[in-house]
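Q: Have a look at this prediction, sequence included:
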Amino acid sequence: MQIHEVAKPNQKTKRRVGRGGKRGNYSGRGIKGQRSRAGAGIRPQIRDYFAKIPKLRGMNRKPGQHDKIGSKFGRGTHKKPPVFELNLNSLNQAVKDGDTVTPLFLVQRKLVQRYKGRIPRVKILGNGTLTKKITADGVALSSAARNQIEAAGGSIAEPSKTNNPRRPKA
């Protein structure tokens with residue numbers, strides 16, 4: 001086999017523009033203008049709209065870095081979940097003597113709702129009267145609520161760092 005016997009690959013050659021021939025000297029490009037030139041391309045209009053939109057700076061960082069509100073870098077994206085407030089009069093109707101009031105207990109009794117699927121933070125306020133002896137564990141208390149619980153013979157458990165009542169295992 002010699003070089004002149006090698007078969008040409010099955011590829012269509014690109015049409016050479018503007019060199020005469022059966023397609024005409026303009027070869028379908030028209031006379032003049034941006035579209036008739038070599039390398040012609042019109043910029044997509046949507047890119048100009050994107051360029052005019054003001055960009056939020058500092059959002060290309062990893063979440064959790066510099067997330068204090070008012071910090072120099074990033075944004076304060078991680079906000080604490082809200083605290084659900086509960087008055088003593090509604091608590092008095094839902095509990096029995098000797099109950100331990102935790103955030104999970106309050107969710108089970110439908111006094112507070114879950115927040116994004118998690119057990120919420122709860123604060124008990126002192127509106128109303130408490131007649132039952134209860135133990136408050138893992139909930140925040142106002143001073144009036146604390147006084148009423150202790151006056152009714154109840155107790156207040158100090159929160160422990162190892163047993164987090166908002167993250168139950170079950």
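A: Right, received. Where do you want to start? Residues are numbered from 1 along each chain as shown.

Q: could you pull out the helices for the chain?
A: Taking DSSP state H to define them, one finds helices in the chain at 45-52, 88-94, 103-108, 143-151.

Q: Let me see the domain layout of the protein.
A: According to automatic domain parsing, the chain comprises the domains 45-78, 83-157.

Q: Pick out the shakiest of those domains, pLDDT-wise.
A: The stretch with the lowest mean pLDDT among those is domain 45-78, at a mean of 62.

Q: possible to save the helices of the chain as JSON lines with mean neighbour count?
A: Glycine gets a C-beta too; all of them are placed from N, C-alpha and C. Formatted as JSON lines, the helices of the chain follow (neighbours: other C-beta atoms under 10 Å):
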{"stretch": "helix 45-52", "mean neighbour count": "8"}
{"stretch": "helix 88-94", "mean neighbour count": "17"}
{"stretch": "helix 103-108", "mean neighbour count": "19"}
{"stretch": "helix 143-151", "mean neighbour count": "16"}
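
Q: Now render these as TSV, adding distance to A7.
A: Output for the helices of the chain, formatted as TSV (distance: least, C-beta to C-beta, whole Å):
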stretch	distance to A7
helix 45-52	45
helix 88-94	89
helix 103-108	78
helix 143-151	93
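
Q: For K116, find the nearest of those helices.
A: Judged by C-beta to C-beta, the one of the helices of the chain that comes nearest to K116 is helix 103-108, at 13.0 Å.

Q: Mind giving me the packing neighbours of the closest one?
A: If you count contacts as 3 or more C-beta pairs under 8 Å, 6 or more residues apart in numbering; DSSP states H and E, helix 103-108 packs onto strand 121-125.

Q: follow-up on the earlier one: most packed of the domains of the chain?
A: Comparing those by mean neighbour count (mean count of other C-beta atoms under 10 Å), domain 83-157 ranks first with a mean of 16.

Q: Distance from the chain centre to it, please.
A: On the basis of C-alpha atoms, centre = their mean, to the nearest Å, domain 83-157 sits 30 Å off its chain's mean C-alpha point.

Q: how long is it from one end to the other?
A: The first and last residues of domain 83-157 sit 19 Å apart, counting by C-alpha to C-alpha, to the nearest Å.

Q: can you map out the strands along this structure?
A: If DSSP state E is used as the criterion, the strands of the chain fall at 83-87, 100-101, 121-125, 135-137, 140-141, 155-157.

Q: Indicate each strand paired with the fourth one and its parallel or antiparallel sense.
A: Using DSSP bridges, strand 135-137 pairs in its sheet with strand 100-101 (parallel), strand 155-157 (parallel).

Q: could you dump those to JSON lines with distance to D137?
A: Formatted as JSON lines, the strands paired with strand 135-137 follow (distance: least, C-beta to C-beta, whole Å):
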{"stretch": "strand 100-101", "distance to D137": "6"}
{"stretch": "strand 155-157", "distance to D137": "4"}
